[in-house]
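1. I would like the atomic coordinates for the input below:
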Amino acid sequence: MFDFDATLPLMAAQFLVLTVLLNAVFYKPLTKVLDERDNYIRENETNARERLAKAEELTRQYEQQLAEARRQSQSVVTAAQEEAKKYAAEQIAQAQKEAQAKREQAQAEIEQQKEDAMRSLEQQVDALSRQILEKLLGAELVK
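-> Below you'll find the predicted structure:
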């Protein structure tokens with residue numbers, strides 16, 4: 001069936017030469033490119049992880065700063081509201097005092113006018129009483 005003459009060793013030698021040539025020309029550059037690509041991908045992945053970690057840290061810091069700013073602004077707003085309430089209460093108290101003072105002043109004026117009116121009425125009543133007495137009794141008896 002098979003003929004074992006000089007062609008078998010020649011074929012084996014050709015196979016070995018082809019293997020050496022393919023290894024030198026094709027496989028070594030291909031594995032070198034694949035290794036370089038693998039290193040490039042690994043470096044990029046490492047850099048991406050580092051950047052992601054930095055971004056997460058910055059995000060955390062910014063969130064803390066934002067939360068602190070919110071707390072501070074809330075305290076400022078609360079203080080301003082309390083100040084406004086205090087100011088409003090002072091203004092209301094002052095307005096009430098002024099209203100009370102005006103009310104008391106008006107009442108005093110009314111009282112004064114009442115007393116003046118009463119004096120005027122008393123004088124008129126006295127004058128009318130004299131006139132009536134003078135007419136009834138005569139001018140000489142009334143004095």
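2. what are the ranges of the helices in this protein?
-> 7-22, 28-137, 139-142 (DSSP state H).
3. ok, of the ones you listed, where does mean pLDDT dip lowest?
-> When these are compared by mean pLDDT, helix 139-142 comes last with a mean of 64.
4. okay, the helices of the chain in CSV with mean neighbour count next?
-> From N, CA and C alone the C-beta is placed, and that goes for glycine too. Shown next, in CSV, are the helices of the chain (neighbours: other Cβ atoms under 10 Å):
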stretch, mean neighbour count
helix 7-22, 10
helix 28-137, 10
helix 139-142, 10
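5. how about stretch 111-125 as PDB, C-alpha atoms only?
-> Only the C-alpha atoms of stretch 111-125 are listed here, as PDB (Å, rounded to 0.1, in the frame of the first residue of the first chain):
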ATOM      1  CA  GLU A 111     -63.400 113.500  77.500                       C
ATOM      2  CA  GLN A 112     -62.100 117.100  77.200                       C
ATOM      3  CA  GLN A 113     -64.700 118.000  74.600                       C
ATOM      4  CA  LYS A 114     -67.300 116.400  76.800                       C
ATOM      5  CA  GLU A 115     -66.200 118.500  79.800                       C
ATOM      6  CA  ASP A 116     -66.100 121.600  77.700                       C
ATOM      7  CA  ALA A 117     -69.600 120.900  76.400                       C
ATOM      8  CA  MET A 118     -70.900 120.200  79.900                       C
ATOM      9  CA  ARG A 119     -69.400 123.600  81.100                       C
ATOM     10  CA  SER A 120     -70.900 125.300  78.100                       C
ATOM     11  CA  LEU A 121     -74.300 123.600  78.800                       C
ATOM     12  CA  GLU A 122     -74.100 124.500  82.500                       C
ATOM     13  CA  GLN A 123     -73.400 128.100  81.600                       C
ATOM     14  CA  GLN A 124     -76.300 128.100  79.100                       C
ATOM     15  CA  VAL A 125     -78.500 126.400  81.700                       C
END
